[in-house]
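K.L.:
Sequence and predicted model, in that order:
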Amino acid sequence: MAAAARASATIVQKHWVSSVLCLLLFTSVLQAATVFSITAGHGFLIGIAPYWFVGGFTLFAVLIHLPSSTRSMTAILPRDALLAIVFLAAFSAYAIASAFTLPRIFEGIKVLNPRLGIDLQYMSPSTLHWSFSNAGQAGYTLINFSVFIFLVLRLSGDKELAFICRLLIGIGLCVMGFALFQHISVLYFPNSVYKALYTISHNNPVYTSYPLTTTRTNSFFLEPSFFSGVAAAFAVLGMNVYLYTGRKLPLLLALGGGYAVLTSVAATGYLAFLAGALETVAFVVIRLLRTRASPPDLQAARRFPVVLVLLFGIGLLFWQEQTRSDQAELVRQQTLGKQNTVSFRNRLWADQFSLSTVSRETDLLGAGLGSNRPSSFLAYVVSNLGLPGLISFLGFVLLLARACLREMARLSPGALAVCAAFFTYLAAMFGALPDANWPPLMWILAAITIAGLARSTPAVQQAPNPARHA
């Protein structure tokens, strides 16, 4: 009976873990949604998204299970991956501490208030004061780090990784499906179903800059730029899974994600998708060399030209569509002509102001998490968290990149695809997504990438090296 009870408890535990994983990933893409709103200082509304409730639950789960799971985690993860976790923990700890201390230490300096936006503060920045938004950002960082640890602890097996990869593909198809539905509804077929869905998924009173009639696709996200980065990551995820498995749904995600990136009309997504495609080429070449052209890697190399041809066809279709609907000028303004716009001027100034003035006046310590809002992630980290935050974050990224390169030949298709998606989204963040916490895709993809590095059964066995036995 004791054995039956233990088996029953194990089944229940697997079910609740699977449920939490589904909720985490699904709510993580609902960036513009809120469960309810609270009023902060001066009548400022803060919308609480559903993700934060699910993420808060993982915080308690991590506090309960971390002491007993640390030893097993250190045993199965490569040294570089463990060091990457340490650097991310240092980044998170400094970010949380800075939110409560640095705004008080440097009170009165000029910053770009995150509540007011960049355009309203061009050449006229605000004054730094500690506010509840700093505490909120600290809470968000704590929850995201707990989600990160929760995923690393719970996804150490091949079956769990395969499940989470399928889940990501399904959620990606939902996001891209709604993006396509939005594109068709706005440009060709206005309908009440789209209006109802957009209103429900964009009910956060804090973010009202993009109406439901926007011709730049943003799906469930606040802005087209955020959506374009996410779409690029999902497209690269689908592309890599298809290359190594030949499955059709991932290919559909790759093509749908590529088209969604185009309809967002955001240079951020265009550049991120290009970076992801180059990463994919590099991954294919590295694996071919290290596995001595194993059958799965040869198949991936053969499928890659097919993907390129299909993506090229998607691009031609989009350009022809834009020409017919008189949207070509919008595409040109947001890409090749971006540097001539007022928006580009304001955002370039915001980054320069953050990297020079804010950094100098805070002695390279930063103004504190949630104090300054520039236009790019690099300026965001340097101005808010200073040199300590920049060093710890770059250390995390470089160590994770080295771990992935060292273990490249033995990564499963899902782990390899998530790794490529992570670095694609990271490229979008450094381009023009100045927020570490929202959407939380960086934390989620990083955790799954590290979990994929766990030393379990290799997906591709390397041929024996005669030199080792000489």
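P.N.:
Perfect, I can see it now.
K.L.:
Now for the closest residue to Val54 other than its chain neighbours, how many residues are close by?
P.N.:
Leaving out its chain neighbours, the residue that sits closest to Val54 by CB to CB, 6 or more residues apart in numbering is Leu23, at 4.6 Å. Heads up, the C-betas are built off the backbone N, CA and C, glycines and all. Taking other CB atoms under 10 Å as the criterion, the count of residues near Leu23 is 17.
K.L.:
How about Leu237?
P.N.:
A total of 30 residues lie near Leu237 under the criterion other CB under 10 Å.
K.L.:
helix or strand for the nearest residue to it once chain neighbours are set aside, which one?
P.N.:
Leaving aside its sequence neighbours, Leu237 sits nearest to Ala421 (CB to CB, 6+ apart; 4.0 Å). Taking DSSP states H and E as the criterion, the element that holds Ala421 is helix 413-432.
K.L.:
Same check on Ile64?
P.N.:
Secondary structure assignment for Ile64, by DSSP H and E: helix 50-76.
K.L.:
Show me what the helix holding Ala421 is packed up against.
P.N.:
Using 3 or more CB pairs under 8 Å, 6 or more residues apart in numbering; DSSP states H and E as the contact definition, the elements that helix 413-432 packs against are helix 158-187, helix 224-245, helix 267-290, helix 377-406, helix 441-452.
K.L.:
Most tightly packed of the ones you listed?
P.N.:
The highest mean neighbour count among the helices and strands packed on helix 413-432 belongs to helix 224-245 (a mean of 29), with neighbours defined as mean count of other CB atoms under 10 Å.
K.L.:
Does anything pack onto it? Which helices or strands?
P.N.:
Helix 224-245 sits against helix 158-187, helix 248-264, helix 267-290, helix 295-324, helix 413-432, helix 441-452, with contacts defined as 3+ CB pairs under 8 Å, 6+ apart.
K.L.:
Enumerate every residue touching Phe430.
P.N.:
Contacts for Phe430 (CB atoms under 8 Å, 6 or more residues apart in numbering) come out as Ser376, Phe377, Leu378.
K.L.:
Which one of the residues you listed is nearest to Val241?
P.N.:
Distances from these to Val241 were compared by CB to CB; the smallest belongs to Phe377, at 26.4 Å.
K.L.:
Does that closest one touch Leu433 like I think?
P.N.:
Yes: counting by CB atoms under 8 Å, Phe377 does reach Leu433; the two are 5.8 Å apart.
K.L.:
Leu400: which of the contacts of Phe430 is nearest?
P.N.:
Among these, Phe377 lies closest to Leu400 (CB to CB), at 15.9 Å.
K.L.:
average pLDDT for stretch 421-429?
P.N.:
Here the mean pLDDT over stretch 421-429 is 97, rounded to a whole number.
K.L.:
Which residues does it contact?
P.N.:
Taking contacts as CB under 8 Å, 6+ apart, the residues outside stretch 421-429 that touch it are 168, 228-230, 232-234, 236-237, 240, 268-269, 271-273, 275-276, 279, 377, 397, 400-401, 436, 441-442, 445-446, 448-449.
K.L.:
Low-confidence stretches in this structure?
P.N.:
Counting by pLDDT under 70, the low-confidence segments of the chain come to 1-15, 37-46, 65-73, 75, 156, 206-209, 324-339, 455-470.
K.L.:
again, only using 80
P.N.:
For the chain, residues meeting the criterion pLDDT under 80 lie at 1-17, 36-47, 60-75, 156-158, 205-210, 293, 320-341, 455-470.
K.L.:
May I see the helices and strands packed on helix 413-432 organised as TSV, with distance to Leu317 added?
P.N.:
TSV is the format used below for those (distance: least, CB to CB, whole Å):
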stretch	distance to Leu317
helix 158-187	12
helix 224-245	15
helix 267-290	16
helix 377-406	32
helix 441-452	27
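K.L.:
Of all these, which one comes closest to Phe145?
P.N.:
If we rank the helices and strands packed on helix 413-432 by CB to CB, the stretch that ends up nearest is helix 441-452, at 7.2 Å.
K.L.:
Alright, I will stop here.
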